[in-house]
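Trainee: I'd like to go over a predicted model; first the sequence, then the structure.
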Amino acid sequence: MSGRRGYIVATMPELPEVETVRRGLAPILVGRLLRGVTIRRTDLRFPLPRDFARQVSGARVEAFERRAKYLIARLDNGAAWVTHLGMTGRFTARRAAALERPLGEFYYAAPPDPVHTHVSFETDAGDVIEFNDARRFGYMDVIALDGLFAHKWFAKLGPEPLGPSFDGAHLARALKNKAVSIKAALLDQTIVAGLGNIYVNEALFRAGIHPKRAAGRIGGGRFERLAAAARTVLEEAIAAGGSTLRDYAAADGARGAFQQRFRVYDRAGLACVQCGGPIRRAVQSGRSSFYCPHCQR
């Protein structure tokens, strides 16, 4: 996906965007019977199970949760319908008594094309939830609830960055003597679950830590500041409805506009909001890093 200044910025829905989708879908799905499932394509990133529709149809959604970047619908038949949005996956709700509305328009996202609507779910209220994914990097499965978090998608995930287990002490333990850069460490889902490129850039800036600094060479006090910065930036992004290119109305009327508050992400060459010097861009493991060389050490 093209950046505004001539380079490529690869983005995908991150934790705040996935949480925005969860909050938009939960009032529509929780307590509702999934009356029918229509599958137009089975070849997502991983093929849908052959009996996917049978396992989901007729089940009632008891809860709709998020773990890392996964959406989890707990069903009353002892199973969970699990979705990962991948790069371009998004849900659209066609309400029985309202106009069609996308749930989550993400940074640099193109408008959904109906030709890429692969799976639809109809509830007993007459609402239709459609999964649209142009690049088909998203995926779904049905997993038994009693083994859900032992499944390979969840078993090795680190703590939630908004949960009580994520703090400076956790980072100090997990990253002790690690030579890997702090940027790469924070993107490692076994260290912390759900952090993505945009919010890692923003958290490192707020904590004053250079993205290339070796993780094992960061002192404990700086880890505390980093954990707090990550939590703050995620909470602000969720409150803003995520990072979007165009405004959209979520279920509670919030609009996704956190990109207007970016302090470093996608701001290469622009003035640092703290010192006025130019923001720089570097590539780390194929991902764009944006930072201020004066404010981040």
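Mentor: Structure received.

Trainee: alpha carbons only for contacts and neighbour counts from here, please
Mentor: Will do.

Trainee: who are the packing partners of the helix or strand that L34 is a member of?
Mentor: Per DSSP states H and E, L34 falls inside strand 34-39. In terms of contacts (3 or more C-alpha pairs under 8 Å, 6 or more residues apart in numbering; DSSP states H and E), strand 34-39 is packed against helix 52-56, strand 117-123.

Trainee: any chance of TSV for those, columns distance to E14 and mean neighbour count?
Mentor: Listed next are the helices and strands packed on strand 34-39 as TSV, based on distance: least, C-alpha to C-alpha, whole Å; neighbours: other C-alpha atoms under 10 Å:
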stretch	distance to E14	mean neighbour count
helix 52-56	26	18
strand 117-123	21	20
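
Trainee: how about those in JSON lines, adding distance to R94?
Mentor: Shown next, in JSON lines, are those (distance: least, C-alpha to C-alpha, whole Å):
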{"stretch": "helix 52-56", "distance to R94": "19"}
{"stretch": "strand 117-123", "distance to R94": "9"}
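
Trainee: name the residues that touch stretch 132-142?
Mentor: Residues outside stretch 132-142 that contact it (C-alpha atoms under 8 Å, 6 or more residues apart in numbering): 43-49, 52, 55-56, 79-92, 112-114, 116-119.

Trainee: and those, which are buried?
Mentor: With burial judged by 16 or more other C-alpha atoms under 10 Å, the buried subset of the contacts of stretch 132-142 is 44, 48, 52, 55-56, 79-92, 112, 116-119.

Trainee: quick revisit: want to throw the helices and strands packed on strand 34-39 into JSON lines with mean pLDDT?
Mentor: As requested, these are exported to JSON lines (pLDDT from 0 to 100):
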{"stretch": "helix 52-56", "mean pLDDT": "97"}
{"stretch": "strand 117-123", "mean pLDDT": "97"}
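
Trainee: with only the CA atoms kept, save whichever helix in the chain runs longest in CSV.
Mentor: Secondary structure assigned by DSSP state H gives helix 220-239 as the longest helix of the chain. Only the C-alpha atoms of helix 220-239 are listed here, as CSV (Å, rounded to 0.1, in the frame of the first residue of the first chain):
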residue,chain,number,x,y,z
GLY,A,220,14.2,-1.4,34.1
GLY,A,221,12.9,2.2,34.5
ARG,A,222,12.7,2.6,30.8
PHE,A,223,10.7,-0.6,30.5
GLU,A,224,8.2,0.8,32.9
ARG,A,225,7.9,3.9,30.8
LEU,A,226,7.6,1.8,27.6
ALA,A,227,4.9,-0.5,29.0
ALA,A,228,2.9,2.6,30.2
ALA,A,229,3.4,4.3,26.8
ALA,A,230,2.1,1.2,25.0
ARG,A,231,-0.9,1.0,27.2
THR,A,232,-1.7,4.7,26.8
VAL,A,233,-1.3,4.8,23.0
LEU,A,234,-3.6,1.7,22.6
GLU,A,235,-6.2,3.2,24.9
GLU,A,236,-6.2,6.5,23.0
ALA,A,237,-6.5,4.7,19.7
ILE,A,238,-9.4,2.5,20.9
ALA,A,239,-11.1,5.6,22.2
